[in-house]
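Engineer: Show me the folded form of this:
(2 chains)
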Amino acid sequence: MIPATICVVLVCIGFLFFIGGAAGIIRFPDFYTRMHAAGKGDTMSVFLILMGLATYQLADFSLANILVAGKILFITIFIMWASPTSTHALIKAGFEEGQKLWTPDVEKEDSGE
Amino acid sequence: MKSFALITVILTGWLLLSAVSDFPSWGDTESPANDYRLSQHYITETFPESSVPNMVTAVLADYRGYDTMFETVVIFVAGIAIMSILRRKPLDYLKDTGRETRSYKKDPDLIIDTTCRLMIPIIQLFALYVVAHGHHSPGGGFQGGVIFGASFILLALSRDLQAAQRWVPEKRVLNLAGIGILIYSGFGFACMILGSNFLDYEILHKIMPATPVEARSHSMLGVEIGVAFTCTAIMFSIYSNLASNGDMKETL
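Structural biologist: Have a look, this model is predicted:
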């Protein structure tokens, strides 16, 4: 019962972070802030959701379930490596290519004020 | 034009959805696919006949091994075709033999470089696991080969195409792709030489320390390794040809 509750809470918080990340990708003004939302939101939400699923697996405590939970843990570690690095690589590529940083002045120019 | 495309999409979608109602319901034991005696044979007899618990792999590599062999050949031919379309002049780097003469065009980024250095061995280890465990759990030669090829693509992305080319030069790629098909067809011809049909692995127990049933399992692993060789080589070859426009010099 307690593992299931922890699982539900963790997965729900993970979905909250996912929604935040998705909203950030759409709403933020420039490339860098969008990538920031994508990297941060996805990493944190996937981490929380997979942790919740690992807790759910450990409700029935047996060797097979511990192995499955361990595999989920490996996926989590892998994602926590790969996702920030890919975000960093994209932002670095964008910076070298000359993407402009957002400032309030840029917005004024864009909207023709 | 846009409305025409929309009408086409809606019409196609409606046709596909209307065909769904003719399908047998989910998990129907009376449906033709489940009722036919061939699938019954696969489900009940795969493990006694070949000692392979994963019946998908057994069907792929043993019962329909001839089909899979030519699927591997199709992958090989696809790689050769892409190479021969994009390669318009001979490669000059093939002539020089100095390994350390080539330097990076730009400094590799510390974060990307470190992460990829940590990740590539793990990816390759996982690929070998997928290949070797393909007849016990989901996986096999195609999947494992693609994962192994992706590790080389990651190396090429994180540093430079030349860095990856030092590990798997174009010549070695082509050799590996050919060796993969040779391994596969070699198993088939070994069966013929020992006096059985092409790719009828049971006869291979004469040259393997195994019973006839186990010989089929071991031979499946053998042909999966052959498939993995070809997939790895062709994956990397397709990437490096497309990324460098065929001349193996500049990457994306």
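
Engineer: Apart from its chain neighbours, what residue comes closest to the residue in chain A that chain B sits nearest to?
Structural biologist: For chain A and chain B, the shortest gap (Cβ to the nearest Cβ) falls at A:Thr85, measuring 4.2 Å. For the C-beta atoms, the positions are set from N, CA and C on the backbone; glycine is no exception. Distances taken as Cβ to Cβ, 6 or more residues apart in numbering or on different chains place B:Thr115 nearest to A:Thr85, at 4.2 Å, with adjacent residues excluded.

Engineer: helix or strand for the residue of chain A closest to chain B, which one?
Structural biologist: helix A:63-97 (DSSP states H and E).

Engineer: Tell me the secondary structure at the closest residue to chain A within the stretch 101-250 of chain B.
Structural biologist: Going by Cβ to the nearest Cβ, chain A is nearest to B:Thr115 of the stretch 101-250 of chain B, at 4.2 Å. What DSSP: H, G, I helix; E, B strand; the rest coil gives for B:Thr115 is helix.

Engineer: and B:Asp67, how many neighbours does it have?
Structural biologist: By other Cβ atoms under 10 Å in any protein chain shown, the residues close to B:Asp67 number 11.

Engineer: Give me the residue at the spatial middle of the chain.
Structural biologist: Just so you know, I chose chain A. The residue lying closest to the centre of chain A (Cα atoms, centre = their mean) is A:Asp42, at 1.4 Å.

Engineer: Let me rephrase: I mean chain B.
Structural biologist: Closest-to-mean residue, chain B, Cα atoms, centre = their mean: B:Phe142 / 2.6 Å.

Engineer: which intervals of chain A have sub-threshold pLDDT?
Structural biologist: A:106-113 (pLDDT under 70).

Engineer: Show me which residues of it sit near chain B.
Structural biologist: Proximity of chain A to chain B is confined to A:Phe78, A:Trp81, A:Ala82, A:Thr85, A:His88, A:Ala89, A:Lys92 under the rule Cβ under 8 Å from any Cβ of the partner chain.

Engineer: Give the closest residue to the fifth one in space, chain neighbours not counted.
Structural biologist: Taking Cβ to Cβ, 6+ apart, and ignoring the residues beside it in sequence, A:His88 has B:Ile111 as its nearest neighbour in space, at 5.4 Å.

Engineer: Please apply the same query to the second one.
Structural biologist: The shortest distance from A:Trp81 to any residue other than its chain neighbours is 5.9 Å, reached at B:Thr115 (Cβ to Cβ, 6+ apart).

Engineer: Can you list the low-confidence ranges for chain B?
Structural biologist: Residues of chain B that meet the cut-off, pLDDT under 70, sit at B:89-107, B:250-252.

Engineer: go with 50
Structural biologist: For chain B, applying pLDDT under 50 flags the ranges B:97-104.

Engineer: Write out the residues of it neighbouring chain A.
Structural biologist: Residues of chain B found near chain A (Cβ under 8 Å from any Cβ) are B:Asp109, B:Ile111, B:Ile112, B:Thr115, B:Cys116, B:Leu118, B:Met119, B:Ile122, B:Ser158.

Engineer: Buried ones from the residues you listed, can you make that a ChimeraX selection?
Structural biologist: Selection of the buried residues among the residues of chain B next to chain A in ChimeraX, burial being defined by 16 or more other Cβ atoms under 10 Å in any protein chain shown:
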select /B:109,112,115,116,119,158
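
Engineer: Show me the residues of chain B next to chain A that map onto helices.
Structural biologist: B:Ile111, B:Ile112, B:Thr115, B:Cys116, B:Leu118, B:Met119, B:Ile122, B:Ser158 (DSSP state H).

Engineer: I'd like the distance from the spatially closest residue to B:Val213 that is not a sequence neighbour to B:Asp62, if you could.
Structural biologist: Counting by Cβ to Cβ, 6+ apart, B:Val213 lies nearest to B:Ser51, which is 5.0 Å off, once chain neighbours are set aside. Going from B:Ser51 to B:Asp62 by Cβ to Cβ, to the nearest Å gives 11 Å.

Engineer: and for those two, which residues touch both?
Structural biologist: Common contact partners of B:Ser51 and B:Asp62 (Cβ atoms under 8 Å, 6 or more residues apart in numbering or on different chains): B:Arg216.

Engineer: These two: which is more packed in?
Structural biologist: Shown here are B:Ser51 and B:Asp62; by other Cβ under 10 Å, B:Asp62 has more neighbours (24 against 19).

Engineer: gap between that one and B:Ser217?
Structural biologist: In terms of Cβ to Cβ, B:Asp62 sits 9 Å off from B:Ser217.

Engineer: Now do the shared contacts for the two.
Structural biologist: With contacts defined as Cβ under 8 Å, 6+ apart, the residues shared by B:Asp62 and B:Ser217 are B:Ser50, B:Val52.

Engineer: what's the neighbour count on B:Leu161?
Structural biologist: Neighbour count for B:Leu161, taken as other Cβ under 10 Å: 20.

Engineer: Hmm, it is touching B:Ser240, no?
Structural biologist: Yes. Between B:Leu161 and B:Ser240 there is a contact at 5.9 Å, judged by Cβ atoms under 8 Å.

Engineer: what residues do the two have in common as contacts?
Structural biologist: Taking Cβ under 8 Å, 6+ apart as the criterion, B:Leu161 and B:Ser240 both touch B:Met248.

Engineer: And for stretch B:202-222, what's in contact with it?
Structural biologist: B:48-52, B:57-58, B:61-62, B:132, B:134-135, B:183, B:187, B:190-191, B:194-196, B:201.
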